[in-house]
Structure formats: C-alpha cells, structure tokens
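[1] Task: produce atomic coordinates for the following.
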Amino acid sequence: MKSTARLLQQGRTELGKVIAGQEQLIDQALITVLCHGHALIEGVPGIAKTMLVKLMGRLLGLKFLRVQATPDLMPADILGTTILRTQTQEFTLHRGPVFTDFLLVDEINRMPPRTQAALLECMEERQVTIDGVRHELHDGFTVFATQNPIDSEGTYPLPEAQLDRFLLKIRVGYPTLEQERLILERHRQGFNPRGLDEVLLEPIAPELLAAAQREVRSVAIEPALYDYILALARRSREWPSLTLGASPRAALSLMLVAQAYAALEDRDYLIPDDVKQATIPVLRHRMVLRPEAELEGYDADRVLSDILAAVPVPKG
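    All right, here's what the predicted structure looks like:
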C-alpha cells in the first residue's frame, strides 16, 4: 500500500475514535492538507466541524489555533500588530493567530470585509505584511473556515476573490441514524468533547505526510484528461444559468484534487472518475448563478451535475 492510502486509512481509523461517520468530511479535510490548500466547511452547528479540525491538528502534529469571527473583528486581531516595549523603546511584533499551522476561522461570513481581505495574503502567499514588513508563515499553513448555511443575519458574503482561494467547499450533512445513536452511546459512556486532549490518537508520522504529498503531485495524467478538465472549466464559463464560471486557478485546483483522489485509491495515474469526484467540491463555491436560475430552484451542485453530464468523457 502506498503512502497516501496508508495515511487515509490511519486518518479514518484515528479520527473515527471520536467522530461518528462523516467519512466525506474526513476524506476531503485530508485532501486539503495533501494538496497544501484551504477548505470552506459549510454545515449547521453541532456536526463536529470544529472538533475535526482540532483533532487533525493533533493527528498530524501541527499547531492549531481558532478564531471566532464577529462583526467587530479587526485585521490586527488575526494578523497581529507591532507594539512599543517601554523598557527598551523598541517595537516588537505581537503575533496574531495566523502564525500557526492549522487556523480554524469559525463563521467566517460574520467577519467584516476588511478583515476577510486581510486573510487573502495569508492564504495565497503564506505571508503576512504588518506595518510594511513581510513575515513568513509556516509552509503547511492551512485555513479551515466554517459557515452556517441557514443564519444570514449579521453576515457578510465572501467575495469571489476570497472564495477562489479555497481549494474545496465541503458540505457537511447530518449523521445517519446509526451514527447518531453511536454519538449518544459514546457520551453516555463518558466521552467529553471538551477533553479531546485525553483521547489517545496514534500520530501520523511527518515523513508519511510528506511522502503522501509527493505521491499526489506525481500522479500521471494523460493528455486526454487535461482536455477533459479544461472542457469542464471552459463549459462552465458559457453555461446559460451561470454569470461566473471556473477560473484558471479553479482548473488547476480541479487537476490537483483529482490527483489526490487517485492517490487515495492507491493509483499512480488519473482516470475520468477522479475528475468527476473532484468537480463539485472544487467548483461549487466558484460559481455565480443567474438570479432567474436561483428562482427556478437551481444551485451550484445541480448546475455542475448538468455540466458533467454534458461534457463527453474521454475514452480509453
């Protein structure tokens, strides 16, 4: 078994000790890390979004910090600021929570636009500019941001430029009946979600993560599959129910996530099914629907399913 498949198996096993079900959330969160990307997680409160990110930080041996977004949150609250030390009369940097490995931004759409914009440089360039001085972030800096799809009061919709920085948009639903029963049983047996540090997890070795990341990048792609990825991206730009389709960055993300799906299946080559599996989570947040399409009950997932059905799949 190759490194990526071993990492997935261990990740599912260890996270499954605490999280009941949510396999798609676990898989796509691992893909985000394997691809050096960022993820937007959408779901109602109480379905283990925060818990998953906190546990992943522990599992991978990475530092985890959390920001609760509020309408009065300022850029300095997340980036940091320079302060004057009266003893030495020198300015020193007080580092904000972005100086970490895993940053969880809870309810990111409650953050005002100015503060949302402050995250752009962090996410794209993995650096922070404070008072004209650039500060490097960790190479593995990853943002997991959550938003509630129901509550829109007091929120600021994320601009397209911000959304395009997210590799994936992960939609999280309710657990199944059996999974929810398991949650009740675990709590009845003494599980405490506020005592996650006491849960024994077998950490993933840093060399296993590094090897898996290299495997994802080395997945072979036939020329016909480049054409298939580009056909999906370009078709979205001319789709009648969309005003905004996939950008070139989106096409690159689609290729990379498709490679990750191939590696998770223990393959070193890409097939059309990998591209299909990656299309909706990679592109759903980058689409802008026409108002009349929304009135007719369309959403991005339905449009993308139609585009997948319309674009010919390469043979052989």
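
[2] Please name the residues that touch His94.
    Listed by C-beta atoms under 8 Å, 6 or more residues apart in numbering, the contact partners of His94 are 80-83. Quick note: C-beta positions are derived from backbone N, CA and C, even for glycine.

[3] typo on my end, it should be Leu308
    Taking C-beta under 8 Å, 6+ apart, we find Leu308 in contact with 232, 276, 279.

[4] Which helix or strand contains it?
    Per DSSP states H and E: Leu308 is located in helix 300-310.

[5] where does the stretch 51-200 of the chain dip in pLDDT?
    84, 89, 150-154, 191-199 (pLDDT under 70).

[6] Which residue ranges of it form helices?
    With DSSP state H, counting those that start in this stretch as the definition, the stretch 51-200 of the chain shows helices at residue ranges 75-79, 113-125, 160-163, 177-188.

[7] Kindly format the C-alpha coordinates of the last one as CSV.
    Output in CSV follows, covering the C-alpha atoms of helix 177-188 (Å, rounded to 0.1, in the frame of the first residue of the first chain):
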residue,chain,number,x,y,z
LEU,A,177,-29.4,7.2,12.4
GLU,A,178,-26.8,4.6,13.3
GLN,A,179,-24.1,7.2,13.6
GLU,A,180,-26.2,9.5,15.7
ARG,A,181,-27.0,6.5,18.0
LEU,A,182,-23.2,5.9,18.3
ILE,A,183,-22.8,9.5,19.4
LEU,A,184,-25.3,9.1,22.1
GLU,A,185,-23.8,5.9,23.3
ARG,A,186,-20.3,7.4,23.4
HIS,A,187,-21.5,10.3,25.5
ARG,A,188,-23.4,8.0,27.8
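
[8] after it, next one along is what?
    Downstream of helix 177-188, the first helix or strand assigned by DSSP H and E is helix 206-218.

[9] avg pLDDT for the very next helix or strand once past that next one?
    Sequence-wise, the next helix or strand downstream of helix 206-218 (DSSP H and E) is helix 223-237. Taken as a whole, helix 223-237 has an average pLDDT of 95.
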